[in-house]
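Participant: below are the sequence and a predicted model; questions follow.
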Amino acid sequence: MAASVLLLSLFIASVAHAQTLLTFNFLEQKPRNTLVGDIANSSDLSKTLTDQELQSLQYTLVEQTSSVNISIFNLDRYTGLLTTTTVVDREDICRSAVSCVAKFGVIINSETFTNIYHFYNVEVIILDQNDNVPEFPTASSTIQLSENTPVGYLKTIDSATDLDVGINGIQSYEIVPSNGTFGLNVSKQLDGSYSVKVELKRSLDREVQSSYQFHVMAKDGAVPPNIGTLTINVEVLDVNDNAPRFEQNSYTVNVNESVSVNTIILRCYAQDRDINENGQVSYRFSPYQTDISVIQQTFSIDQQGYIKVISPLNFGIRNSYIFFVDAMDGGQEQRITQANVTVNILDTGNNKPVINLRFLSASNGNSVNISEGSNLDLAIAHVTVQDSDTGANGEVTCTILDPSFGVQNISSNMYVVTLKRKLDRETKSTHSVTVTCSDKGSPPLSVSRSFVVNVMDENDEHPVFSRNVYIGSVRENLGVGQVVTQISATDNDTGHNAIIRYFIMNGNDGRFAINDNTGVITSGMTFDREALPRINFTVLAVDSGNPKLTGTALVVVTISDDNDNAPEFEASHFQLYVMEGLGPQTNVGQISATDQDEGLNARISYGLADSTDSNLPFHLYPNGSLKTTATLDREFKDEYTFTVMAYDHGTPSKSSAADVTVIVADTNDNSPVVIFPNDTNDTVSISYLAPVGSYVTTIKAYDRDSPVNSELHFRIVHGNEREIFTLNPLSGELSMSNTFLIKEDTTFTLDIAVTDSGRPHRTETCKLRVILKFTNITAMQPLNDESSSKFVIISVVVVVFTVLVSAIILTIIILLRRSDRKREKEAQRREQNDEMYGELDKTYYQNGGLGYIGADLPKKKKEVSFSLDEDLDRSLDISHPSLLVDFQKPQNKSQHDSTSDTSTEMTTSDSGHGSSDIEVPTSANPADDNKQFSNHGYNRSSSFPPSQSSMDSGHTSSRLSNCADIYSVSAKHRDYTGLTPRETFERKHGLTSSVRKDRTSVHTSRPRSEGFSPSYV
């Protein structure tokens, strides 16, 4: 035992010493069956093992606690090559974790060389490659900001995500344009993500610019970097921060007194740069002027600012009117601007001036063409004024109301119309210019001449695409010339400056072609979506001006899927477990596969193969859920193997197959089955003289459940109250645990429970009848040792003396009965015998010891007594049969050398019961039970006192009766294993032998056992 423990310790120590860490690096996205590492070479066992030992090695993969499912690897059992079972996608396995490590163990051993056993810890570091592009949640986003938003205001936007990690993940954000009104505020969080905010860097003025557009780009660490773009449109919300503004602060108009009623004499026009309600302008006469009532009776003003004469004018009554006009916007906090209006009433006797106008630039009728790039003070037209009046009525002055133009006096009646503000054709392509000339008569008369200024185009506008990003698509596996998308741009310039041609920037590598006139983009090669699902490139729109101006846009082309990939199972073989006894529709597990295609081509349905047995108690649903269709019984069948199919929804559909093994796990649904004892064989027998520890029989049972539930435990439930038997709880072996003295065959019915190890336990009970066989000691066969030979001699001497004494007694009785008083004496003798037996019982219980019947009876004359010669080695007390013979301990037999017969066969000697191997047959001479012996051999503290007459005559008379009273002493707390019945009896009752080897009988006094008490069966 100690040697085994030492060897085991050395083995464990050697295994622990052999544990070594092997590390392999593996780049993701490699095809299936790619070599990860060579365990055989990496283990360096070739340095310590022979070629024959190396060739006999076997490699076994052992799963350990790991966040990575090691089913993605396969270890060849005989070569030690570690390969992949599928395309490894680091993002699917470890998501965005910084470290992605698969951990498992490998056992290297040999069936040929059993001393070889090595355990290696293996770590496979899955390396990331830049296979993902930063991506914003949406392609564009709109932000609304009030124009009074303070500079430095931060607006959080959604950050981009990149499934790659490390340098392949997002490294920076940029805003385009970088020097505009908005900037970026980017900060990195503790978890590695970014907080991206748009920062207002300049004040907003909706009236100057009502909207902005810029792009936020997220870049990863690739060279060149992969870029994800988010287009942000900013809408500037209006606030009522502008009051209406009149074209001029004061208006003066001369009106003939003869003007008709309802004639419009003037328009006061004001503009508000705000929009909507804030920019809606209405007009009224100021209610706060002193003569408002007179003004309102003479003139009216509508919501367009037109002033009408509503009552006749009279120069003689009033030659002028001066009043104020209010221009009001519609904002909640209304803003009001005033203009001064002077209406001069003219005497109708004056003549109007006459205007002659001549254009100084290219003209067409009443219009003149001016380039938008013209310089200020450019002379546009020459004006000559003629008035036939004289004096003040003939002095003329000219004015122009349009602020973009002015009129300059160069002589008394000549003027030049000049340019006062820069023109922008894209803002306003034409201007209506009115030259008004008035004399100084009283009232003055005026005349107007209007002409149109056409603003000619300059190439000052860049082409602008209709979109910042164009989305196109093309199917994979098709040829060249597929239409991808069409781009278009506009140029606010006109004519030749607005003619646009389209180009693709460098780096296209011939993937796409573009029609430079129409903007139609077509494919230039055949694409594979699984290799390159999306392509980004930049297109240019170039106008035809001089110099040429350019606009850019981003084109994103998505390669649409073709069903060119079959589904791939996660494993070629699935092993699932299900408990037995569960009803139909029990969920067994999930079958899953992946398809590199997308959309319907990647949508997978599952089903059983056509060759599947129709009686298979499982159903595979289209979603891959495997469920039972019947209640499973492990004892009927504990394993099912079948084939499942995965079909995609492409046209045509593609499929793949995998094997599935369902192992039915055990539940404790079977009770133990008892083989023995049973209804036809439930009895065994054994001699009551069998030593403590003697084997009786074995309870035989089995359980159909699995080993964990079928381990059986045995116990005696009832019938062993005297603790005569012991039942081994594990083996079911029944043995003697105590001695028990009987006077006849005695049957003990034991209720035995057999319990399994399941949860909950199941128990089966049975009854076993054990017969303790009573054996006459005189009929026992002698034993072989020297002590047994002595007992044989003693037995012979006892028999001879018994016969002689019996003959003498019989002769005396016959002689006495011949006397005349035969009947009387016989009656008296019987009466005396009855008294003598009563006295014996009394003496026995008073002394508390075991004595011979008749040893202390009073003797009458003519009764004969005798004693045995003490030359014998030992004297036997036959008041208890177990004291007659000291049995030799049986020699060791095999573990199942039964001492009892469990056979159901019956003979004339066993009456249908089994018999013990050491059982002694009953003597054929019943007279031996009546033999008398002297009080030799064993003495107790209360030894049997001889009768007075016996002491006087020197003889002891005893009378044997066929006593079979049984005395038993409790031995619950003592061990009598291996003792003969005689030694067991002496130990129990505290007796010591009184026979010496010199055959001299020595009477010794022994203490009385306090635990002694007679028991009768």
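Facilitator: Structure's in. What do you need?

Participant: could you use CA atoms for every contact and neighbour count after this?
Facilitator: Will do.

Participant: got any ranges where this protein has weak pLDDT?
Facilitator: Along the chain, the model assigns pLDDT under 70 to residues 1-19, 315-316, 347-351, 388-391, 776-792, 820-823, 825-1017.

Participant: the longest helix along it packs against which elements?
Facilitator: The longest helix of the chain (DSSP state H) is helix 786-817. Helices and strands touching helix 786-817, as assessed by 3 or more Cα pairs under 8 Å, 6 or more residues apart in numbering; DSSP states H and E, comprise helix 822-847.

Participant: what segments of the stretch 601-750 of the chain are strands?
Facilitator: Along the stretch 601-750 of the chain, counting by DSSP state E, counting those that start in this stretch, strands occupy 604-608, 618-620, 625-628, 639-648, 655-665, 673-676, 683-687, 695-698, 700-702, 713-718, 725-727, 733-736, 746-755.

Participant: partner strands of the fifth one, with direction?
Facilitator: It refers to strand 655-665. Paired with strand 655-665 in the same sheet, following DSSP bridges, are strand 573-579 (parallel), strand 639-648 (antiparallel).

Participant: adding distance to N670 and mean neighbour count, write those strands out as TSV.
Facilitator: Listed next are the strands paired with strand 655-665 as TSV, based on distance: least, Cα to Cα, whole Å; neighbours: other Cα atoms under 10 Å:
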stretch	distance to N670	mean neighbour count
strand 573-579	14	16
strand 639-648	19	20
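
Participant: any chance of TSV for those strands, columns distance to T558?
Facilitator: TSV is the format used below for the strands paired with strand 655-665 (distance: least, Cα to Cα, whole Å):
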stretch	distance to T558
strand 573-579	35
strand 639-648	22
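
Participant: closest one to T594 among those?
Facilitator: T594 sits nearest to strand 639-648 of all the strands paired with strand 655-665, at 9.2 Å, using Cα to Cα.

Participant: export the strands of the stretch 601-750 of the chain to a markdown table and append columns for distance to L376.
Facilitator: As requested, these are exported to a markdown table (distance: least, Cα to Cα, whole Å):
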| stretch | distance to L376 |
| --- | --- |
| strand 604-608 | 74 |
| strand 618-620 | 86 |
| strand 625-628 | 82 |
| strand 639-648 | 74 |
| strand 655-665 | 78 |
| strand 673-676 | 118 |
| strand 683-687 | 136 |
| strand 695-698 | 127 |
| strand 700-702 | 117 |
| strand 713-718 | 116 |
| strand 725-727 | 126 |
| strand 733-736 | 126 |
| strand 746-755 | 115 |
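
Participant: which one, of these, ends up nearest to T526?
Facilitator: strand 639-648 (23.7 Å).

Participant: what is the orientation angle of that closest one with strand 604-608?
Facilitator: 150 degrees (axes from the mean of the first three to the mean of the last three Cα atoms, to 10 degrees).

Participant: who's in contact with strand 639-648?
Facilitator: For strand 639-648, the surrounding residues in contact (Cα atoms under 8 Å, 6 or more residues apart in numbering) are 566-569, 593, 595, 600-609, 612, 653-664.

Participant: can you pull the contacts of S572?
Facilitator: Counting by Cα under 8 Å, 6+ apart, S572 touches 657-659.

Participant: repeat the analysis, applying 10 Å as the threshold.
Facilitator: Counting by Cα atoms under 10 Å, 6 or more residues apart in numbering, S572 touches 85-86, 656-660.

Participant: try D424
Facilitator: D424 is in contact with 371-373, 430, 455-458, 460, counting by Cα under 10 Å, 6+ apart.

Participant: ditto for Y502
Facilitator: Taking Cα under 10 Å, 6+ apart, we find Y502 in contact with 487-489, 514-521, 539-543, 550-552.

Participant: show me the beta-bridge partners of it.
Facilitator: With DSSP bridges as the rule, Y502 is bridged to A541.

Participant: now do it against S655, distance only.
Facilitator: Computed as Cα to Cα, to the nearest Å, the Y502 to S655 distance reads 45 Å.

Participant: burial measure for H718, as a count.
Facilitator: Using other Cα atoms under 10 Å, H718 is surrounded by 12 other residues.

Participant: now do the closest residue to it other than its chain neighbours against I716, distance only.
Facilitator: Spatially, and ignoring its direct neighbours in sequence, H718 is nearest to D751 (4.9 Å; Cα to Cα, 6 or more residues apart in numbering). Distance, D751 to I716, using Cα to Cα: 6 Å.

Participant: of the two, who's got more company?
Facilitator: More neighbours surround I716 than the other of D751 and I716, with 22 against 16 (other Cα under 10 Å).

Participant: check contacts around the more buried one.
Facilitator: Applying Cα under 10 Å, 6+ apart to I716 gives the contacts 725-729, 734, 750-754, 765-768.

Participant: filter the residues you listed down to the buried ones, ChimeraX style.
Facilitator: The buried residues among those can be selected in ChimeraX (16 or more other Cα atoms under 10 Å) with this line:
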select :725,726,727,728,734,750,751,752,753,754,765,766,767,768
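
Participant: fine by me, thanks again.
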